[in-house]
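Student: Got a predicted structure plus its sequence, pasted below:
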Amino acid sequence: MDHVTDILKQWGAERPDLDVAPMGVIGRLKRLHDHLTRGLDKVYAAHGLNAASFDVLATLRRSGAPFSLSPTALMDRTMVTSGTMTNRVDRLEQAGLVKRRRNPEDGRGMVVALTDAGFARIDRAINDHVANQHRLIETLSPSERQALDRLLGDWLASFERQTG
């Protein structure tokens, strides 16, 4: 039994007229999110990163050679605002993990690119990150993982269709 079960029982006793089943799903997702975030943050910190810096470096790394994106593409792929992205890139540039350079395709704009140090850092971090993700879901059987992934994907897609 988990903590959310206790909460649902309390609401059931106090307000039996309410169907609090969605509270169980959302409460469990929230508590799982918190546990998962703590687990992920440990790996980021071990590589001198946080979730935000990992996100930028990983986005550049998975974009493929030459491991650079325009600030707009980087914002779109990380789903953050312009101001937030500027702050993230500034910090990563100060740390020597990314650099801004002229866009080789048009010469007018800029791209954000991984430095050699940034490439090496994210490659080491992603290895540990993936191993950590496996550890975080190891209590689920392969079929449970597959079913959960499908259900969450369907649920997320329904929200994303509504919000564009």
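Tutor: It's in.
Student: so where's this protein shaky on pLDDT?
Tutor: Low-confidence segments of the chain, defined by pLDDT under 70: 164.
Student: Quick one: residues contacting the residue nearest in space to the middle of the chain.
Tutor: The residue lying closest to the centre of the chain (CA atoms, centre = their mean) is Asp55, at 6.6 Å. By CB atoms under 8 Å, 6 or more residues apart in numbering, the contact list for Asp55 reads 78, 88. Where you see a C-beta, it was placed from the backbone N, CA and C, and this is true even at glycine.
Student: quick one: the strands in the protein?
Tutor: Assigned by DSSP state E, the strands in the chain fall at 68-69, 98-102, 110-114.
Student: and the longest helix along the chain, which residues are buried?
Tutor: Ranked by number of residues, the top helix in the chain under DSSP state H is helix 21-46. Residues of helix 21-46 classed as buried: 27, 40, 43-44 (neighbour count, 16 or more other CB atoms under 10 Å).
Student: Tell me how many other residues crowd Pro71.
Tutor: 17 (other CB atoms under 10 Å).
Student: Pull the contacting residues for it.
Tutor: 82, 85-86, 89, 110-112.
Student: which of those residues count as buried?
Tutor: If you count burial by 16+ other CB under 10 Å, the buried members of the contacts of Pro71 come out as 85, 89, 111-112.
Student: Identify the farthest-apart pair in those.
Tutor: Within those, Met85 and Val111 form the most distant pair, 12.8 Å apart (CB to CB).
Student: Among the strands of the chain, which comes closest to Asn50?
Tutor: Of all the strands of the chain, it is strand 98-102 that lies closest to Asn50, at 14.7 Å by CB to CB.
Student: if I look at Ala157, how far off is Leu151?
Tutor: Distance of Ala157 to Leu151, computed by CB to CB, to the nearest Å: 11 Å.
Student: got it, and Ala117?
Tutor: Here Ala117 is placed at a distance of 40 Å from Leu151 (CB to CB).
Student: Please spell out which residues along stretch 109-125 are buried.
Tutor: Within stretch 109-125, the residues that count as buried by 16+ other CB under 10 Å are 111-115, 118-119, 121-122, 125.
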